[in-house]
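[1] Structure, please.
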Amino acid sequence: MSAERPSWAPQHIDVDTPNAARVYDYFLGGGCNFEQDRLFAERFLEIVPNVDRSFRANRAFLRRAVQFCVDAGIRQFLDIGSGIPTVGNVHEIAQRMAPECRVVYVDNEPIAVAHSEAILADNANAAVLHADLSDPDTILDSAPVARLLDFDQPMALLMVAVLHFVPDSADPRASVARYLRPLASNSHFVVSHGSVAGMAEVPAGAERHYDDTTTPFISRTPAQVMELMAGTELVEPGLVWVPQWRPEMDQDVGEHPEQIGIMGAVGRKP
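    Just a heads-up that it's a prediction; the model follows:
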């Protein structure tokens with residue numbers, strides 16, 4: 001039986017199958033999720049207690065990485081797999097530091113796009129595109145990208161907590177290479193990626209839990225994530241667990257950052 005459809009949800013949206021973007025929204029305290037997303041999230045918490053900490057740590061990494069890029073002189077951002085808008089979006093962080101920053105968001109989740117459109121309606125320096133990471137030509141040739149981004153100048157390409165939903169069969173390395181190819185020298189590539197590689201013991205069912213969603217999870221090793229970042233030079237501290245990436249305070253790292261299960265890095269294109 002179908003769950004009750006909220007008035008703001010488009011008719012073609014599947015409200016019965018959990019979706020990663022909406023589960024992420026729920027863990028971050030957002031309101032753009034359905035009953036099945038919430039049930040899925042609560043079951044995940046039973047399998048992996050405190051997994052919500054991982055989502056918050058990833059969001060904090062995004063904030064620090066964007067701030068780093070703005071400090072490095074970057075004024076334009078292409079955020080692919082941006083998710084459902086919640087507190088601390090890229091344009092909020094970047095434009096607070098430098099109002100002239102321009103941002104294009106991309107997501108394949110219609111609700112994420114619809115809510116982004118509403119939030120950005122009065123923001124001339126930000127736009128959203130409904131497209132998939134695995135279709136780089138559509139994204140790079142799109143009207144929002146043409147209007148807001150200048151490929152003759154450095155930009156930041158963001159793929160935060162999205163590549164672990166792209167299977168090897170979709171050839172994510174080729175897609176990433178296609179995005180990096182036209183970027184100007186000194187452009188930055190911000191990545192975070194889920195992995196169980198650092199966990200001493202993986203809770204039973206944790207890796208396969210997302211198989212019940214429209215977006216199955218693919219854990220990759222640090223070496224595999226480094227392959228996805230080929231063509232860039234990693235800035236310090238390299239590829240680390242996200243709490244370890246330029247933390248604001250030592251206590252933010254914790255005793256077992258590997259238990260967060262998400263790696264993060266920023267690469268610079270030579």
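[2] any idea of the mean pLDDT in stretch 176-192?
    The average pLDDT for stretch 176-192 rounds to 98.
[3] what about stretch 238-254, how long is it end to end?
    Stretch 238-254 has its terminal residues 18 Å apart, counting by C-alpha to C-alpha, to the nearest Å.
[4] Give me the buried positions along that stretch.
    239-245, 247, 253-254 (16 or more other C-beta atoms under 10 Å). Heads up, the C-betas are built off the backbone N, CA and C, glycines and all.
[5] Can you lay out these as a markdown table showing distance to Ala57, pLDDT and secondary structure?
    As requested, the buried residues of stretch 238-254 are exported to a markdown table (distance: C-beta to C-beta, whole Å; pLDDT from 0 to 100; DSSP: H, G, I helix; E, B strand; the rest coil):
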| residue | distance to Ala57 | pLDDT | secondary structure |
| --- | --- | --- | --- |
| Leu239 | 15 | 98 | coil |
| Val240 | 12 | 97 | strand |
| Trp241 | 8 | 96 | strand |
| Val242 | 5 | 97 | helix |
| Pro243 | 5 | 96 | helix |
| Gln244 | 10 | 97 | helix |
| Trp245 | 10 | 98 | coil |
| Pro247 | 10 | 96 | coil |
| Val253 | 10 | 89 | coil |
| Gly254 | 9 | 81 | coil |
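[6] Which single one of those is nearest to Thr232?
    Leu239 (11.0 Å; C-beta to C-beta).
[7] hang on, isn't the closest one packed against Val225?
    Yes. Using C-beta atoms under 8 Å, Leu239 is in contact with Val225, at 6.1 Å.
[8] Overlap in contacts, the two.
    Common neighbours of Leu239 and Val225, using C-beta atoms under 8 Å, 6 or more residues apart in numbering, are 263, 265.
[9] wait, which of the buried residues of stretch 238-254 is closest to Val191?
    Set against Val191, the nearest of these by C-beta to C-beta is Leu239 (8.3 Å).
[10] Now that closest one. Nearest residue, chain neighbours left out?
    Counting by C-beta to C-beta, 6 or more residues apart in numbering, Leu239 lies nearest to Ala265, which is 4.1 Å off, once chain neighbours are set aside.
[11] Just list whatever residues bridge to the one you found.
    Val191 (DSSP bridges).
[12] how far away is it from Ser192?
    The gap separating Ala265 from Ser192 is 8 Å, by C-beta to C-beta, to the nearest Å.
[13] Work out which residue lies at the spatial centre of the chain.
    Taking C-alpha atoms, centre = their mean, the centroid of the chain lies closest to Val160, which sits 2.7 Å from it.
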